[in-house]
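>>> build me a model:
(one chain, ligands or ions: 1)
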Amino acid sequence: MGTEARAMMLVEPKHFSMTSIPTSDIDGGGWLAVEATSISGADVQVWSGEARDVVYPLIPGHEVVGRIASAGPSIPYPVGTRVVVEPRIHCGECHRCLNNLATCNRRRPINSYGFIPSIEPPGLWGGLAETLYLDPSARVHEVTDDVPAEVATFVHPLAAGHTWAVELPLLQQGEDVMILGPGPRGLAALIAAKAAGARWVGMSGLGHDRDRLDLALRLGADIAIDVETTDLAGAIAEASGRRPDVVLDVTSNDPEAVFTALDLVRSGGRVVLASTKGNRAFHFLSDVIVAKQLTIRGAMGATTVGYQWAARQLETDPRIDDLVSHQFPLSEAPRALQAAAGLLGREELISVAVTF
Ligand SMILES: [Zn+2]
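A predicted model of the protein is given here:
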């Protein structure tokens, strides 16, 4: 490892600058030599300026795979081990950490890789850099060497998919799950729900999601519906014969999806909301929650249990190879963000990674 790391710094929304940041002189923690970082919808929001409370400049990217380059006592693996780093850092002492929430606020706006401003020492808090700082509280998980690094980044959406589709709704074998939104996390939730023994899993998306919906069918979805051309409730009734036990909203910034989820789910069912709506207000009728006696969970981030499951799934599931469709080198990070935002076209777009 060198004494400096090349980094793509986001100086302000949509304005990257390649820079070098020193990697010496840390107390505790360690350094990760980054191999690949996938670009999520949250990264696109940081890049475009739509994310709340973000302070620039920062280095985006929180779905990182790399090899441990230097390790203090907090790192449970030797130098050279390939790991994924949980994006969320948990100080373990604030009221949010003590309540087991995903959003530690020891650092602003949230204590998470890809969101911490570069003025916070030692500056290397994002995956769009050759080196990532491993905070003493960071949680890392060993992942297999047998897949390309960009494929290994899919552990991150897989972990979230397991947390949201299996852990939070307490999914039982034989239950039906409807997933709204066929992005990487939606596809990951499909894999996790099927692996957990769901009887039936449906997926929905928009017209421009055609390739993602086709992939959902190849991954075992029982239906994959374009809601712009097909009535979703009718399609579910025809295909499964009953209302889903669990509905998961992982759409991209679509307030309507909340109503759809509450409408589709069976009485007594569970709704997991894992997608924010750009802070927009909308007219809301709560009676359906009472009348149908629903359980609603808000979901942020993946649990450590989710990461452990995802790291095992990566070793045994060759279908994950198909889930990273686009790769760019660090110097083309601006194009990677554009691709992830769908601005370079959505044909064959599944997910995007930057590789080193
Ligand atoms: Zn905390």
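>>> tell me the pLDDT at the residue most central in space within the chain?
The centre of the chain sits closest to P157, judged by C-alpha atoms, centre = their mean, with a distance of 4.2 Å. Model confidence at P157, given as pLDDT, is 97.
>>> show me the contacts for it.
Going by C-beta atoms under 8 Å, 6 or more residues apart in numbering, P157 touches S38, S40, E63, P184, R185, L187, A188, L323, S351. Every residue, glycine included, has its C-beta placed from N, CA and C.
>>> find the nearest non-adjacent residue to the first one, please.
Looking back up the chat, that one is S38. Nearest non-adjacent residue to S38, counting by C-beta to C-beta, 6 or more residues apart in numbering: T153, 3.8 Å away.
>>> so I21 makes contact with A7?
Yes: judged on C-beta atoms under 8 Å, I21 makes contact with A7 at a distance of 5.3 Å.
>>> quickly list what's touching both of these two.
Common neighbours of I21 and A7, using C-beta under 8 Å, 6+ apart, are G123, L124, A129.
>>> I'd guessed the second one sits against V64; true?
Read that as L124. No: the pair L124 and V64 fails to qualify as a contact (C-beta under 8 Å) at a distance of 10.9 Å.
>>> quickly list what's touching both of those two.
Common neighbours of L124 and V64 (C-beta under 8 Å, 6+ apart) are L132.
>>> so between the two, which is more surrounded?
Comparing L124 with V64 by other C-beta atoms under 10 Å, the one with more neighbours is V64, at 29 against 26.
>>> how about the contacts made by the closest residue to that one other than its chain neighbours?
Of all residues not flanking V64 in the chain, G127 sits nearest, at 3.9 Å (C-beta to C-beta, 6+ apart). When contacts are counted by C-beta under 8 Å, 6+ apart, G127 is found next to V34, T37, I59, P60, G61, H62, E63, V64, Y113, G114, V354.
>>> what about G127, helix or strand, and which?
Using DSSP states H and E, G127 is not contained in any helix or strand.
>>> and for G342?
G342 belongs to no helix or strand, assigned by DSSP H and E.
>>> so it sits against D209, correct?
No: with contact defined as C-beta under 8 Å, G342 does not reach D209; the gap is 9.8 Å.
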